[in-house]
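Asks: sequence? don't have it. structure:
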């Protein structure tokens, strides 16, 4: 059992890259800005010439919550779990779960790195875990 | 400019309860007839209707027209986005009256969470799920293809309460609050509103006292929000009637005038404010707050009472800052030191709010503001002349007697 994202023509490259282990955002081929989640046109220069850009997969925890009450039957076996907004090193923010540490150990500003979790044969979700000390 | 050209001449509501026998349709009719009765207007003379859009509103206009015996509905409009419709529906009603598209506009909100699904659920027991089906826990869940939910739901970010938990945590991060500071501040809001509810015969929590210990001992739902930081889930309906100031004065000697109303969409929705371009904490855009007060021709100091949309306790806290009553980053101290109770400079959510009266998408806050300005509120603020009713994301109104 998993919660499966809806894929549209607009968002398909994001999910296909995630399935293949790459975290990508849209990037404007004219003004080179990046953003997330996907849009039909560049919000900065309004170009519709938009490509995809692999980001580093590193970032910091912008905010987070430890969920202790399941709002969906599908989550009943998962609580407690952590939802975070991660600010990517490249700038855009992304909603994701935090794994690889106890929920109580998640901190604002914590450095994290992406890891992909397969939820079906076709779908993988980017999660984040504490960055390994280099 | 709307200022004092239209007025609210009638208010009506049903009882509020965890479950009421009627459907949303029956509740809507009960509240609307009560509001029209309060205004002294024959239901068949209604010619305008402004309301929240589906999926929040489940009753159709034709159902209402037939049940009310309306001769000809010449203007009707719907506003999307849940609580953010609160300022929009009154703005539309006022615009219709001022433009001559309608003379007597009903604004209402009817909610049957017991039959139609609970807002705190995202599965078959949630809105649109019919309140019936309990999903097969082994089956995959497919995210609906709207508002970028696919970038949030797979991680279990599925309810407004969780979103506001993220906001409240961000507030603590930005302003350097400890967990204890934040608990203390959110608890001050929740307890103040409960005390108001204890004095309000209509409030669902009328007989339920709550002290700081009760608040802290309640279970954690989505950290840092505990059970009593979250709004009630209930059945009920609220309605009010808008007409021109000239007609209003022929109907009653205490009409409540609309001074200003705002609606905006800022680039921070989809879903519900997560993918904000700037700081996540921008609950109500500063430029819109400035417009709200400028259009009304009043200052912050002239507001005698505020009814803030409170899906969670965090929202009134941040609203004090967003609307410009308290400087950014200081509301958490303000609510614990000055407070929002009956003797404070700005009483907030004097009916108990969504936390302790009932949840009606902000409409019960409008009714409370009208009662305050008529001088008939259960927790009456002495000599209240001007009231602000505020929802998130630029949706608000200022009313005056």
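Replies: Everything's here; your move. None of these values were measured; they are calculated from a predicted model. Numbering: from 1, shown residues only, chains lettered A, B, ... in the order given.
Asks: host element of residue B:25?
Replies: helix B:24-39 (DSSP states H and E).
Asks: so for that helix, mean pLDDT?
Replies: Per-residue pLDDT values across helix B:24-39 average out to 97.
Asks: surely residue B:381 is in contact with residue B:303?
Replies: No: because the distance of 10.6 Å does not satisfy Cβ atoms under 8 Å, residue B:381 is recorded as not touching residue B:303. Using the backbone N, CA and C atoms, a C-beta is placed for each residue, glycine as well.
Asks: which residues are in contact with the helix or strand containing residue B:399?
Replies: Residue B:399 is part of strand B:396-400 when elements are defined by DSSP H and E. Under the criterion Cβ atoms under 8 Å, 6 or more residues apart in numbering or on different chains, residues B:4, B:8, B:86-87, B:90-91, B:256-262, B:284, B:288-289, B:292-293, B:296, B:298, B:303, B:323, B:366, B:369-370, B:373, B:385-390 lie in contact with strand B:396-400.
Asks: partners of that strand in the sheet?
Replies: The strands that strand B:396-400 pairs with in its sheet are strand B:256-262 (antiparallel), strand B:386-390 (antiparallel) (by DSSP bridges).
Asks: now the first one, how far from the centre of its chain.
Replies: Chain-centre distance of strand B:256-262: 16 Å, with Cα atoms, centre = their mean, to the nearest Å.
Asks: which positions in the longest strand anywhere in chain A come out as buried?
Replies: Selection of the longest strand in chain A by residue count, based on DSSP state E, yields strand A:58-67. Buried residues in strand A:58-67, defined by neighbour count with 16 or more other Cβ atoms under 10 Å in any protein chain shown: A:58-67.
Asks: still on that earlier bit, so residue B:381 and residue B:303 - more neighbours on which side?
Replies: Using other Cβ atoms under 10 Å in any protein chain shown as the criterion, residue B:381 and residue B:303 rank with residue B:303 on top: 22 against 19.
Asks: how about the more buried one: what's its closest non-neighbour residue?
Replies: With Cβ to Cβ, 6 or more residues apart in numbering or on different chains as the measure, residue B:388 is the residue that lies nearest to residue B:303, at 4.9 Å, once sequence neighbours are left out.
Asks: count the residues that sit near the one you found.
Replies: When neighbours are counted by other Cβ under 10 Å, residue B:388 registers 30.
Asks: let me see the contact set for residue B:199.
Replies: B:378-379.
Asks: sorry, back to before: what touches both of residue B:381 and residue B:303?
Replies: With contacts taken as Cβ under 8 Å, 6+ apart, residue B:381 and residue B:303 have no neighbour in common.
Asks: and for residue B:10, the neighbour number?
Replies: For residue B:10, the neighbour count with other Cβ under 10 Å is 25.
Asks: quick one: end-to-end distance for stretch B:57-71.
Replies: Terminal residues of stretch B:57-71 are spaced 22 Å apart (Cα to Cα, to the nearest Å).
Asks: can you list the buried residues in it?
Replies: For stretch B:57-71, burial by neighbour count (16+ other Cβ under 10 Å) applies to B:57-59, B:64-65, B:67-68, B:70.
Asks: then stretch B:300-313?
Replies: By 16+ other Cβ under 10 Å, the buried positions in stretch B:300-313 come out as B:303-313.
Asks: now swap in stretch B:36-50 and tell me
Replies: By neighbour count with 16+ other Cβ under 10 Å, stretch B:36-50 contains the buried residues B:36, B:38-39, B:41, B:43, B:46-50.
Asks: could you pull out the helices for the stretch 1-150 of chain B?
Replies: B:24-39, B:61-68, B:86-99, B:113-116 (DSSP state H, counting those that start in this stretch).
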